[in-house]
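> the following block contains a protein sequence and its predicted model.
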Amino acid sequence: MTRLGAVITEAIVIHYGRDELLARMAHPFWFQSFGAVMGMDWHSSGITTSVIGALKRGLTPLSGELGIHVCGGRGKNSRQTPEELIAIGHRVGIDGGALAQTSRLVAKVDSAAVQDGFDLYLHGFIVTDDGKWVVVQQGMNDARRQARRYHWHSEGLKSFLDSPHAAIEGRGQGEIVNLADHRALPSRTGQLELLASLGPDKIVREVIALDPSRLRKPVAQPMLPHLIMPEHHDVREEDVNMRRLHGTLAAAADRGPKDFEDLLMTPGVGARTVSALAMVAEVVHGAPCRFSDPARFSLAHGGKDRHPFPVPLKVYDETIRVMKSAVGKARLGREEELEALRRLDDQARSLERYVTGPDFKEIIAGEFRHSHEWGGRSTFGWEPPEEEGNRSEQGRRRAP
């Protein structure tokens, strides 16, 4: 994930610039699709930790070249974010102290001003050399074993207490107290006035004596780009836009042999790798509306939990190799390979309007049939040959 995430990021920066990368990181549907195409469980809470961790490891050696810095992370790493930002500020000449204050304030808003039943445990801060930033935070509801992700973007942010989120991912849990909503200004003002005039002890006595029937019913939250994942863990046909999937597969079969003629002569690079590259190409080039079904991108490289199929490591490695070659040549002014990827994405959008293909179960069955020869691996281990794999699968189904 470190290697693939870094090279996809490089491709986006080469084509569209750093600002576009930040805009995509602030988009929950793209973020989820990005993690899925890298082989992480398509809707696990761990996708956030894995993406931030992979980008931090992969982009830190490239920070001087790309001007992108990834700070923070999970647990104790999140608490080191202000110090990391100050150090980056000294190194590249931006106001690290102000960024450190932003980091603390964003964390405080989502942990104290927004009370929605989720406790923050991850804080990722991505900043560029010109001081623009994105924050991705995640909280966990231990009782329900569910997570919620909060996206912030410096672009267009006017106030940390005026509906500041770029997006939120995760289902709300009951009534939510959101003092960061612009409609909560009277409440925030009233709280400050009460604190100044009465003091904390008097406020506590007033609250105890308050008649609950006089409480106003909370106003519904405003709409945000809001991704809500299903309860089931496996990838199902209803989770995937089959029209888009068929367009991607058809583009790989049609455009791939034309644009990758020399590449396809290389041992190990075949139709399956081009199919994976077609989905990577969409992550690089796709418009925001293209990511409404992040489960589709798990069909590029599978998932470590064996859903929708084990990660085909040979295909994965070839995807990385092709992307690294394309990005390396583009840095030298030779963009023909990156342009071939863009044409692959263009072709997919063109074909999806009328092309058809195999049904979802048939696609997944084909992946399992070839899993052993493609180096299939999951948390259960390496995939055995098909005949042995059938017995293994039966054993898994009987297991409690």
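That came through, no problem.
> just how off-centre is stretch 76-95 within its chain?
Distance of stretch 76-95 from its chain centroid, counting by C-alpha atoms, centre = their mean, to the nearest Å, is 23 Å.
> how about it: buried residues?
Buried residues in stretch 76-95, defined by neighbour count with 16 or more other C-beta atoms under 10 Å: N77, S78, T81, P82, E84, L85, I86, I88, G89, V92, I94. Every C-beta, even on glycine, is put in place using the N, C-alpha and C of the backbone.
> again with stretch 127-137
Those would be V127, T128, D129, G131, K132, W133, V134, V135, V136, Q137, for stretch 127-137 by 16+ other C-beta under 10 Å.
> what's around F380, how many residues?
Counted by other C-beta atoms under 10 Å, the residues lying close to F380 total 12.
> just to check, it is in contact with K304?
No. With contact defined as C-beta atoms under 8 Å, F380 does not count as touching K304 (9.5 Å).
> end to end, how far does stretch 282-294 reach?
12 Å (C-alpha to C-alpha, to the nearest Å).
> can you give me the helices in the stretch 51-200 of the chain?
63-66, 76-79, 81-92, 96-108, 185-209 (DSSP state H, counting those that start in this stretch).
> rank these by pLDDT, which is bottom?
Per-stretch mean pLDDT for the helices of the stretch 51-200 of the chain is lowest at helix 185-209 (a mean of 55).
> mean confidence score for stretch 35-52?
The model assigns stretch 35-52 a mean pLDDT of 90.
> what about it, how long is it end to end?
One end of stretch 35-52 sits 10 Å from the other (C-alpha to C-alpha).
> look up phi and psi at P164.
Phi and psi for P164, reported as degrees, to the nearest 10, are phi -80, psi -20.
> look up how far V135 lies from it.
Distance, P164 to V135, by C-beta to C-beta, to the nearest Å: 10 Å.
> what is in contact with those two at once?
The contact sets of P164 and V135 overlap at W152 (C-beta atoms under 8 Å, 6 or more residues apart in numbering).
> next one: stretch 55-64 to chain centre, how far?
With C-alpha atoms, centre = their mean, you get 17 Å for stretch 55-64.
> give me the contact list for it.
Identification of contacts with stretch 55-64 by C-beta under 8 Å, 6+ apart yields 2-3, 5-6, 9-10, 66, 68-71, 73, 124, 126.
> what segments of this protein are strands?
Under the criterion DSSP state E, strands of the chain are mapped to 68-74, 114-115, 119-128, 133-141, 146-153, 167-169, 177-178, 226-227, 311-312, 376-378, 381-382.
> A326 touches L338, doesn't it?
Yes. In this structure, A326 is within contact of L338 by C-beta under 8 Å, at 4.7 Å.
> return the closest of the contacts of stretch 55-64 with respect to A147.
Set against A147, the nearest of the contacts of stretch 55-64 by C-beta to C-beta is G124 (13.7 Å).
> what is the neighbour count of that closest one?
Counted with other C-beta under 10 Å, G124 comes out at 25.
> excluding its backbone neighbours, what's nearest it?
I52 (3.8 Å; C-beta to C-beta, 6 or more residues apart in numbering).
> return the residues in contact with P82.
Taking C-beta under 8 Å, 6+ apart as the criterion, P82 is in contact with A100, Q101, S103, R104.
> quick check: the last one vs N77, distance?
Same thing as R104. From R104 to N77 the distance is 15 Å (C-beta to C-beta).
> which intervals of this protein have sub-threshold pLDDT?
For the chain, applying pLDDT under 70 flags the ranges 113-115, 171-225, 262-269, 388-400.
> circling back: dump the contacts of stretch 55-64 into a markdown table; add distance to H372 as well.
Putting the contacts of stretch 55-64 into a markdown table (distance: C-beta to C-beta, whole Å) gives the following:
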| residue | distance to H372 |
| --- | --- |
| T2 | 26 |
| R3 | 23 |
| G5 | 26 |
| A6 | 29 |
| T9 | 32 |
| E10 | 32 |
| L66 | 38 |
| I68 | 38 |
| H69 | 41 |
| V70 | 36 |
| C71 | 41 |
| G73 | 35 |
| G124 | 36 |
| I126 | 38 |
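> just the residues you listed now: which is nearest R255?
E10 (22.4 Å).
> burial count for the closest residue to that closest one other than its chain neighbours?
Nearest non-adjacent residue to E10, counting by C-beta to C-beta, 6+ apart: V327, 4.6 Å away. Neighbour count for V327, taken as other C-beta under 10 Å: 20.
> likewise for G58?
20.
> one step back: any idea which of the strands of the chain is most buried?
Mean neighbours per residue, mean count of other C-beta atoms under 10 Å, is largest over the strands of the chain for strand 311-312, with a mean of 26.
> that one - contacts with which helices or strands?
If contacts are counted by 3 or more C-beta pairs under 8 Å, 6 or more residues apart in numbering; DSSP states H and E, strand 311-312 sits against strand 376-378.
> P385: what's it in contact with?
H372.
> and the closest residue to M323 other than its chain neighbours, how far from G17?
Spatial nearest neighbour of M323, excluding adjacent residues (C-beta to C-beta, 6+ apart): V7 at 4.3 Å. Separation of V7 from G17 (C-beta to C-beta) stands at 17 Å.
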